[in-house]
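> here is a sequence together with a model predicted from it:
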Amino acid sequence: MKLRELLGILVTAATVLLLLGDGAAASTANGLPSKSLTPGAINKLVTQATIHSTICVSGYTKTIRPPSSYTTGLKRQQLAAGYNLNGNLSTSAYEEDHLVPLEVGGSPRSVQNLWPEPRHIYWGASVKDRLENRIHALVCDGSLTLAQGQRIFETNWEAAFATYVGAP
């Protein structure tokens, strides 16, 4: 084997190890995404002044939700790069979810706001959906500001669940 071929193999192996290393950090048992890979992103068109013409309008999220052709492709890339739980690469085991939900002004297409959220764990996708609905209602009725609602998801939505919803 020539030195150039060996170097190519080593570079490829190092790249795979780096991706898997990042993925291991991303694959948390509690279902929260890695802050370095998915810090959250905000939709700049949704502000406190526009909530009653955007997120608080029934059906609004359907108008901005990215198509499954986009989210499924992204989910496959993220899972292959190591953003999976216990090596499970089945796309049906995950929901490509918005860290900051569309219902509270999250960015629809930003990779910084999307991650493959496990469905079948204690703090899985259906549990987070309950909190999303509750925070959306509180933002729209004025009990929380838009920024407060967004911050709940940018920090630790599990901790906020007990406060706003109760026991999962």
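Okay, I see it.

> where do the helices sit along the protein?
3-26, 60-64, 68-80, 125-140, 146-155, 157-164 (DSSP state H).

> what's in contact with the third one?
Right, the one you point to is helix 68-80. For helix 68-80, the external contacting residues (CB atoms under 8 Å, 6 or more residues apart in numbering) are A26, N84, L89, T91, Y94, E96, R109, V111, L114, W115, P116. For every residue, glycine as well, the C-beta is placed using N, CA and C.

> before we move on, what about stretch 131-145?
48, 51-52, 55-56, 101, 103-104, 146, 148-149, 152-153, 157, 160-161, 164-165.

> any idea how far that stretch is from the chain center?
19 Å (CA atoms, centre = their mean, to the nearest Å).

> hey, C-alpha coordinates of that stretch in PDB?
C-alpha atoms of stretch 131-145 as PDB (Å, rounded to 0.1, in the frame of the first residue of the first chain):
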ATOM      1  CA  LEU A 131     -45.300  21.400  26.800                       C
ATOM      2  CA  GLU A 132     -45.200  23.000  23.300                       C
ATOM      3  CA  ASN A 133     -49.000  23.300  23.300                       C
ATOM      4  CA  ARG A 134     -49.100  24.700  26.900                       C
ATOM      5  CA  ILE A 135     -46.400  27.300  26.300                       C
ATOM      6  CA  HIS A 136     -48.100  28.300  23.000                       C
ATOM      7  CA  ALA A 137     -51.300  29.000  24.900                       C
ATOM      8  CA  LEU A 138     -49.500  31.000  27.600                       C
ATOM      9  CA  VAL A 139     -47.700  33.100  25.000                       C
ATOM     10  CA  CYS A 140     -50.900  33.800  23.100                       C
ATOM     11  CA  ASP A 141     -52.900  34.700  26.200                       C
ATOM     12  CA  GLY A 142     -50.200  37.000  27.400                       C
ATOM     13  CA  SER A 143     -49.200  35.000  30.500                       C
ATOM     14  CA  LEU A 144     -45.700  34.600  29.000                       C
ATOM     15  CA  THR A 145     -43.800  36.800  26.600                       C
END
